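J.: just the structure for this:
(one chain, ligands or ions: 1)
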Amino acid sequence: MSEKVYPVRPEVAAAAHIDNAKYEAMYEQSVNDPDAFWGEQGKRIDWFKPYSTVKNTSFDPHNVDIRWFEDGTLNAAYNCLDRHLETRGDQVAIIWEGDDPSDSESITYRDLHERVSRFSNALKAEGVEKGDVVTLYMPMIPEAAVAMLACARIGAVHSIVFGGFSPEALAARIEGANSKVVVTSNFSLRGGKVVPLKANVDKALQNENAAASCKTVIVVNRVEQELPWVEGRDKWYEDLVAKASADCPAEEMNAEDPLFILYTSGSTGAPKGLKHTTGGYMVYASMTHEYVFDYKDGDIYWCTADVGWVTGHSYIVYGPLANGATTLMFEGVPSYPDNSRFGRVIEKHKVNQFYTAPTAIRALMQQGEDVLGDSDLSTLRILGSVGEPINPEAWEWYNRIVGDEKCPIVDTWWQTETGGIMIVPLPGATAAKPGSASRPFFGVQPALLDAEGNTLEGAVDGNLVITDSWPAQARSIWGDHERFVQTYFSTYKGVYTTGDGARRDEDGYYWITGRVDDVINVSGHRMGTAEVESALVAHPAVAEAAVVGYPHDLKGQGIYVYVTLQSGYEQSDELMKELRLHVRSEIGPIASPDLIQFAPGMPKTRSGKIMRRILRKIAEDDFGALGDTSTLADPTVVDDLIEHRMNRK
Ligand code: WT7
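T.: Numbering: from 1, shown residues only. Predicted coordinates for the structure are as follows:
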């Protein structure tokens with residue numbers, strides 16, 4: 001924990017939407033009278049039919065039921081497009097910066113409205129109806145945002161699968177959501193390289209169950225290059241929109257109708273599709289975007305996330321566009337054409353708010369202080385961080401090298417499940433402590449519990465829970481409400497369990513200490529160790545696998561794998577390579593193991609349970625304090641594991 005405190009600078013407090021007095025007054029009302037608070041905030045978006053009730057929520061494990069603004073009707077795409085046409089039709093909605101620095105495009109609200117309307121009609125013509133799920137497997141091109149908004153416009157539910165996921169992972173998600181249509185692009189461009197995308201869809205649809213649900217693949221022509229084509233199933237995006245009308249009224253949706261599904265990893269089982277609904281999500285995404293980034297009319301806002309993650313949903317598309325903002329969408333990578341790219345883009349588009357991940361900051365940091373070259377960063381006003389705890393060294397570097405010591409840093413803690421930012425130092429209100437996400441956003445009531453579920457007071461460490469509902473919270477797991485209840489509302493009764501541990505200090509600041517379950521965070525990507533293990537045991541050579549995280553300088557956590565081979569298989573470098581490739585092809589490159597240790601035996605209790613605590617310690621190269629190993633069935637396996645450990649400092 002860093003001891004440093006960076007007070008709010010008076011000029012920032014004076015100019016920001018919120019200063020500390022305002023924060024405290026608003027926060028108090030938000031938790032004491034949520035109906036009044038959110039009843040008022042709900043008006044920041046447009047409703048076809050206004051709501052007469054605000055909050056109707058229960059965290060009771062026998063009846064988890066979450067509804068906000070439940071009798072109101074609205075449309076998310078209408079809120080992101082139509083309602084801005086009169087006042088800002090000619091304002092740029094999306095600045096698209098291509099992989100190649102000479103490739104960029106500015107799309108006005110009027111253009112975007114037209115593109116979305118056309119694609120909405122195209123989807124309808126392909127038989128997509130209100131309530132249907134459309135899977136998007138797309139690169140960071142404007143069509144990704146267009147497709148999201150087109151789904152929202154006609155009341156279809158989008159399910160975005162990150163373009164880095166494998167065909168197997170994609171197939172499971174198409175099947176899980178029973179998706180009729182997949183939208184993709186033929187190829188994508190990243191760091192000057194052409195990456196096949198449609199080919200992965202083809203592979204995914206070799207899976208019978210996925211193919212049984214998906215009958216249409218719509219393909220954006222991103223890179224002119226030959227590719228296989230399935231007549232009748234595959235259709236060019238460009239052909240469909242060319243013949244579609246540009247007039248498509250926005251469907252009237254209930255506040256609690258689903259807007260999107262997004263899959264994320266947990267500690268057990270297959271990834272779960274979180275269900276997010278329309279009204280509360282839009283209100284919260286819009287409000288957090290405005291206050292967290294102190295967004296003001298005319299600002300140019302850039303979030304470097306991918307639309308395949310929740311950050312891209314809430315803070316590239318829905319939040320900013322609901323607010324009539326100019327949002328920048330970046331197709332490329334920070335290292336192409338060279339490491340100064342982020343700086344060049346900030347300079348080129350005069351970016352005011354910049355929101356990225358600690359792993360990206362650490363990668364830049366490694367390149368030295370002049371990594372951004374002579375880029376002019378003087379337009380920057382607010383810097384954001386998301387996805388994992390930001391280590392104080394990276395925070396200081398970000399503050400000094402990118403922010404020139406004049407930009408508040410908003411370290412935003414939240415999750416796919418929360419839909420929007422939950423704990424954050426608001427610029428103008430909250431003094432920053434490097435490494436701390438600090439104080440709750442309006443309406444958010446964090447608490448720390450011990451293992452028995454007792455509420456802990458004061459400066460203390462504990463399990464982070466949220467004691468009452470907030471509008472953007474996920475409502476369920478798609479098709480499996482029981483699993484939703486089990487996962488989030490059963491460990492501790494009456495509260496939402498985040499899965500994170502945290503420490504609260506004397507000033508009431510929260511410091512996220514990381515996951516308390518078997519979920520690891522690799523470069524801000526969340527992964528269930530069980531998922532990687534089940535990919536490994538699917539390989540014929542693997543008898544047993546155990547996966548743990550270990551501290552990694554760049555990625556935050558790296559993936560450390562222990563494998564016990566089937567008899568008849570010999571350990572070798574070849575096999576190691578093969579296992580690595582195997583995991584990549586089962587899940588995707590983000591799950592690629594960093595270190596693989598062949599282990600003749602796992603440390604197990606007499607009842608056969610693997611003691612992960614021991615594996616974690618060895619992976620951390622911190623085996624001096626293994627704790628009690630006397631309950632192990634065979635304590636000698638530990639010596640072998642230590643002797644052959646892969647991570648020697
Ligand atoms: C997990 C959620 C939030 C959108 C992107 C990730 C970790 C996220 C922070 C932060 C410390 C953080 C938590 C959380 N996390 N932001 N600012 N400080 N930890 O969403 O994939 O659902 O992952 O990421 O462990 O539970 P996600």
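J.: any idea how far the helix or strand Thr412 falls within is from the chain center?
T.: Secondary structure assignment for Thr412, by DSSP states H and E: strand 409-412. Strand 409-412 has its average C-alpha position 15 Å from the chain's average C-alpha position, going by Cα atoms, centre = their mean, to the nearest Å.
J.: before we move on, what about stretch 565-583?
T.: Once both centres are worked out by Cα atoms, centre = their mean, stretch 565-583 turns out to sit 32 Å from its chain's centre.
J.: list of residues touching the longest helix belonging to the chain?
T.: Across the chain, the helix with the greatest residue count (assigned by DSSP state H) is helix 109-125. Under the criterion Cβ atoms under 8 Å, 6 or more residues apart in numbering, residues 77, 81-82, 84-85, 88-94, 107, 134, 142-143, 145-147, 149-151, 153-154, 156, 181, 218, 237, 240-241, 244-248, 324 lie in contact with helix 109-125. Backbone N, C-alpha and C define where each C-beta goes, glycine included.
J.: could you redo the last one with a cut-off of 7 Å?
T.: If you take Cβ atoms under 7 Å, 6 or more residues apart in numbering as the criterion, helix 109-125 is touched by 77, 81-82, 84-85, 88-91, 93-94, 134, 146-147, 149-150, 153-154, 156, 240-241, 244-248.
J.: buried members of these into ChimeraX, please.
T.: A single ChimeraX command is used to select the members of the contacts of helix 109-125 judged buried by 16 or more other Cβ atoms under 10 Å:
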select :77,81,82,84,88,91,93,94,134,146,147,149,150,153,154,156,240,241,244,248
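J.: any idea which helix or strand comes after the longest helix of the chain?
T.: Towards the C-terminus, the helix or strand next in line after helix 109-125, according to DSSP H and E, is strand 133-137.
J.: mind listing the helices for the stretch 51-200 of the chain?
T.: Defined through DSSP state H, counting those that start in this stretch, the helices belonging to the stretch 51-200 of the chain, from first to last, are 76-80, 82-88, 109-125, 142-154, 167-177, 198-204.
J.: interface residues of the stretch 351-500 of the chain facing the ligand?
T.: Within the stretch 351-500 of the chain, the positions near the ligand by Cβ under 6 Å from any ligand atom are 386-389, 411-416, 437, 498-500.
J.: could those residues go into a markdown table alongside secondary structure?
T.: As requested, those are arranged in a markdown table below (DSSP: H, G, I helix; E, B strand; the rest coil):
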| residue | secondary structure |
| --- | --- |
| Val386 | strand |
| Gly387 | coil |
| Glu388 | coil |
| Pro389 | coil |
| Asp411 | strand |
| Thr412 | strand |
| Trp413 | strand |
| Trp414 | coil |
| Gln415 | coil |
| Thr416 | helix |
| Ala437 | coil |
| Thr498 | strand |
| Gly499 | strand |
| Asp500 | strand |
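J.: list the buried residues of stretch 386-393.
T.: Residues of stretch 386-393 classed as buried under the neighbour-count rule (16+ other Cβ under 10 Å) are 386-392.
J.: with stretch 37-52 instead?
T.: By 16+ other Cβ under 10 Å, the buried positions in stretch 37-52 come out as 37-39, 41-42, 45, 47, 51.
J.: start to end distance for it?
T.: Terminal residues of stretch 37-52 lie 14 Å apart, using Cα to Cα, to the nearest Å.
J.: what is the mean pLDDT for that stretch?
T.: What stretch 37-52 shows for mean pLDDT is 98.
J.: who touches it?
T.: For stretch 37-52, the external contacting residues (Cβ under 7 Å, 6+ apart) are 29-30, 54-55, 69, 71-74, 78-79, 83, 252, 255, 282-283, 286-287, 322, 442-443, 471.
J.: can you turn the buried part of those residues into a PyMOL selection?
T.: Remark: buried members of the contacts of stretch 37-52, expressed as a PyMOL selection using 16+ other Cβ under 10 Å:
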select buried, resi 30+54+55+69+72+73+74+78+79+83+255+282+283+286+287+322+442+443+471
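J.: take the contacts of stretch 37-52 and keep only those in strands.
T.: Judged by DSSP state E, those include 55, 73-74 as members of strands.
J.: and the furthest pair within the buried residues of stretch 37-52?
T.: The span of the buried residues of stretch 37-52, defined through Cβ to Cβ, is set by Phe37 and Trp47 at 17.2 Å.
J.: burial of the residue of the stretch 301-450 of the chain found nearest the ligand, as a residue count?
T.: When distances are taken as Cβ to the nearest ligand atom, the stretch 301-450 of the chain reaches nearest to the ligand at Thr416, 3.4 Å away. Taking other Cβ atoms under 10 Å as the neighbour definition, Thr416 ends up with a count of 19.
J.: ok, Thr530 to Asn207 distance?
T.: One correction, residue 530 is Ala, not Thr. The gap separating Ala530 from Asn207 is 21 Å, by Cβ to Cβ, to the nearest Å.
J.: what does the helix or strand just after the strand holding Thr412 rub up against?
T.: Past strand 409-412, heading to the C-terminal end, the next element that is a helix or strand (DSSP H and E) is strand 446-449. For strand 446-449, contacts defined as Cβ under 7 Å, 6+ apart pick out 423, 440, 455-456, 460, 462-467, 492, 495, 502, 504, 510.
J.: so of these, which ones are in strands?
T.: When strands are assigned by DSSP E, the members of the contacts of strand 446-449 inside them are 455-456, 460, 462-466, 502, 504, 510.
J.: buried residues in stretch 550-566?
T.: Residues of stretch 550-566 classed as buried by neighbour count (16+ other Cβ under 10 Å): 550, 552, 555-565.
J.: err, stretch 613-633, not the other one
T.: Across stretch 613-633, burial judged by 16+ other Cβ under 10 Å covers 614-615, 617-620, 626, 632.
J.: rebuild those as CSV, extending it with secondary structure, pLDDT and distance to Ala14.
T.: Listed next are the buried residues of stretch 613-633 as CSV, based on DSSP: H, G, I helix; E, B strand; the rest coil; pLDDT from 0 to 100; distance: Cβ to Cβ, whole Å:
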residue, secondary structure, pLDDT, distance to Ala14
Ile614, helix, 94, 54
Leu615, helix, 96, 53
Lys617, helix, 94, 50
Ile618, helix, 96, 53
Ala619, helix, 96, 49
Glu620, coil, 95, 46
Leu626, coil, 85, 55
Leu632, strand, 89, 62
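J.: what's the closest of the residues you listed to Val5?
T.: Distance to Val5 across those (Cβ to Cβ) is lowest for Glu620, with 29.9 Å.
J.: can you pull the phi/psi pair for the closest one?
T.: Its backbone dihedrals place Glu620 at phi -80, psi 0, with angles given as degrees, to the nearest 10.
J.: and the residue nearest to it when sequence neighbours are not counted, bridged to which residues?
T.: Spatially, and ignoring its direct neighbours in sequence, Glu620 is nearest to Tyr550 (5.2 Å; Cβ to Cβ, 6 or more residues apart in numbering). On DSSP bridges, the residues paired with Tyr550 through beta bridges are Gly558.
J.: dump the residue contacts of Tyr550.
T.: 557-558, 560, 619-620, 647.
J.: turn these into TSV, including distance to Val12.
T.: What follows is those, written out as TSV (distance: Cβ to Cβ, whole Å):
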residue	distance to Val12
Gln557	33
Gly558	37
Tyr560	42
Ala619	42
Glu620	39
Asn647	42
